[in-house]
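Participant: dropping a prediction and its sequence here:
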Amino acid sequence: MMESRGVYSGKVLVVGATGRTGQWVVKRLLHYGIAVRVLSRQAEKALSLFGESVEIVTGRIQSREDIARAVKGCDAVLSALGSSSYSGESSPTEVDRDGVKRLVDEAAKSGVKHFGLVSSLGVTRWYHPLNLFSAVLLKKWDAEEHLRKVFAPPALSCTIVRPGGLKDGEPLLHKLHVESGDRLWSGWINRSDVAELLVLSLWVEKAKNKTFEVVNDCEEVQSTLEHCYDLLPE
Ligand SMILES: NC(=O)c1ccc[n+]([C@@H]2O[C@H](COP(=O)([O-])OP(=O)(O)OC[C@H]3O[C@@H](n4cnc5c(N)ncnc54)[C@H](OP(=O)(O)O)[C@@H]3O)[C@@H](O)[C@H]2O)c1
């Protein structure tokens with residue numbers, strides 16, 4: 001159900017929207033009454049998930065032209081893209097590194113002001129076991145660095161959320177633990193809370209230009225996750 005809360009008046013492009021975190025990003029944007037466009041290689045899947053409540057642009061993350069069409073007229077991009085195979089079009093190289101970098105470049109070129117990205121705990125550690133999967137964390141780190149560089153100018157901003165292991169479930173059911181410096185080795189978090197943090201980054205000033213790790217602390221119903229951003233160093 002759409003609620004108009006007036007917290008953010010821009011239009012947001014969600015990429016990876018048909019994925020498990022991406023679907024929550026769309027749900028939470030709609031919860032706040034925010035206009036949503038999605039870029040998906042599977043328009044039918046997007047239509048069956050979101051119906052008429054979002055604008056759907058069919059396209060591939062490998063195509064600059066498709067991305068340019070999708071970002072045109074959007075004020076922000078939220079990416080929940082993620083690789084799902086060792087090689088081919090859904091590999092870490094194609095999706096987590098080159099796909100995200102291409103998206104960042106096209107977004108900046110088209111005038112997007114804020115970019116939110118789902119990354120992962122452990123991206124700064126080349127020796128992490130997850131790098132046995134086509135060096136996935138190193139690819140994500142490369143994309144993070146690119147995003148921080150391209151969105152560094154003062155008129156632009158980015159927020160990079162590095163979650164622990166992802167679980168399904170409703171948002172706002174856990175108190176969260178946030179840190180910076182990539183020092184955490186374990187922990188879980190609901191995809192819906194990752195989505196909520198990304199959505200809040202659109203208008204919470206303290207979220208701008210922050211890269212942080214986040215996992216569950218304990219079960220405790222939350223009225224908002226905004227305070228998580230107060231806990232991060234400037
Ligand atoms: N799993 C974990 O425990 C964990 C922990 C930390 C961080 N992360 C990261 O968190 C993010 C979200 O994870 P998730 O589990 O929600 O992911 P997911 O359900 O696998 O969704 C991934 C999304 O990426 C899209 N995608 C994949 N390959 C693509 C391609 N070649 N072109 C266009 N779109 C493509 C998928 O589109 P389709 O729907 O069309 O396939 C889907 O929308 C990922 O970056 C993941 O690496 C995961």
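Facilitator: Done, it's in. What you see is a predicted model, and the numbers here were worked out from it, not measured in a lab.

Participant: list the contacts for residue 183?
Facilitator: The contact partners of residue 183, taken as Cβ atoms under 8 Å, 6 or more residues apart in numbering, are residue 213. Where C-beta positions appear, they are placed from N, C-alpha and C, glycine not excepted.

Participant: sec struct for it, please.
Facilitator: coil (DSSP: H, G, I helix; E, B strand; the rest coil).

Participant: please apply the same query to residue 99.
Facilitator: Residue 99 - assigned by three-state DSSP - is helix.

Participant: just give me the neighbour total for it.
Facilitator: 27 (other Cβ atoms under 10 Å).

Participant: surely it and residue 61 touch.
Facilitator: Yes - Residue 99 is within contact range of residue 61, at 3.8 Å (criterion: Cβ atoms under 8 Å).

Participant: identify the contacts common to the two.
Facilitator: Common neighbours of residue 99 and residue 61 (criterion: Cβ under 8 Å, 6+ apart): residue 81.

Participant: do you know how far the closest residue to the ligand within the chain is from residue 118?
Facilitator: Nearest residue of the chain to the ligand: residue 19, at 2.0 Å (Cβ to the nearest ligand atom). For residue 19, the distance to residue 118 equals 9 Å [Cβ to Cβ, to the nearest Å].

Participant: touching both of the two, which residues are there?
Facilitator: Jointly contacting residue 19 and residue 118 under the rule Cβ under 8 Å, 6+ apart are 80-82.

Participant: pLDDT weak spots in the protein?
Facilitator: The chain contains residues with pLDDT under 70 at 1-5.

Participant: again, 90 this time
Facilitator: Within the chain, the stretches with pLDDT under 90 are 1-6, 231, 233-234.

Participant: sorry, back to before: out of the shared contacts of residue 19 and residue 118, who's the most crowded?
Facilitator: Result: residue 80 is most packed of the shared contacts of residue 19 and residue 118 (other Cβ under 10 Å), 25 neighbours.

Participant: pretty sure that one sits against residue 15.
Facilitator: Yes - counting by Cβ under 8 Å, residue 80 does reach residue 15; the two are 7.2 Å apart.

Participant: can you list residues touching both of these two?
Facilitator: Counting by Cβ under 8 Å, 6+ apart, the residues touching both residue 80 and residue 15 are residue 22.

Participant: returning to what we had before: redo the shared contacts of residue 19 and residue 118 as TSV? Include secondary structure.
Facilitator: Output for the shared contacts of residue 19 and residue 118, formatted as TSV (three-state DSSP):
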residue	secondary structure
80	coil
81	coil
82	coil
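
Participant: distance check, the residue of the chain closest to the ligand against residue 45.
Facilitator: 10 Å.

Participant: the two: who's more crowded?
Facilitator: Higher neighbour count among residue 19 and residue 45: residue 19, with 18 against 13, using other Cβ under 10 Å.

Participant: related to what we said a few turns ago, excluding sequence neighbours, find me the nearest residue to the residue of the chain closest to the ligand.
Facilitator: Nearest non-adjacent residue to residue 19, counting by Cβ to Cβ, 6 or more residues apart in numbering: residue 80, 5.6 Å away.

Participant: elements contacting the top helix by length along the chain?
Facilitator: Looking across the chain with DSSP state H, the single longest helix is helix 136-150. In terms of contacts (3 or more Cβ pairs under 8 Å, 6 or more residues apart in numbering; DSSP states H and E), helix 136-150 is packed against helix 100-110, strand 114-118, strand 157-163.

Participant: dump that helix to PDB, restricted to CA.
Facilitator: Backbone C-alpha positions of helix 136-150 (Å, rounded to 0.1, in the frame of the first residue of the first chain) are rendered in PDB as follows:
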ATOM      1  CA  VAL A 136      34.000 -12.200  -5.500                       C
ATOM      2  CA  LEU A 137      35.000  -9.900  -2.600                       C
ATOM      3  CA  LEU A 138      37.900  -8.400  -4.500                       C
ATOM      4  CA  LYS A 139      35.500  -7.600  -7.300                       C
ATOM      5  CA  LYS A 140      33.100  -6.000  -4.900                       C
ATOM      6  CA  TRP A 141      36.000  -4.000  -3.400                       C
ATOM      7  CA  ASP A 142      37.000  -2.800  -6.800                       C
ATOM      8  CA  ALA A 143      33.500  -1.600  -7.500                       C
ATOM      9  CA  GLU A 144      33.300   0.100  -4.100                       C
ATOM     10  CA  GLU A 145      36.500   2.100  -4.700                       C
ATOM     11  CA  HIS A 146      35.200   3.200  -8.100                       C
ATOM     12  CA  LEU A 147      31.900   4.300  -6.600                       C
ATOM     13  CA  ARG A 148      33.700   6.300  -3.800                       C
ATOM     14  CA  LYS A 149      35.900   8.000  -6.400                       C
ATOM     15  CA  VAL A 150      33.200   8.900  -9.000                       C
END
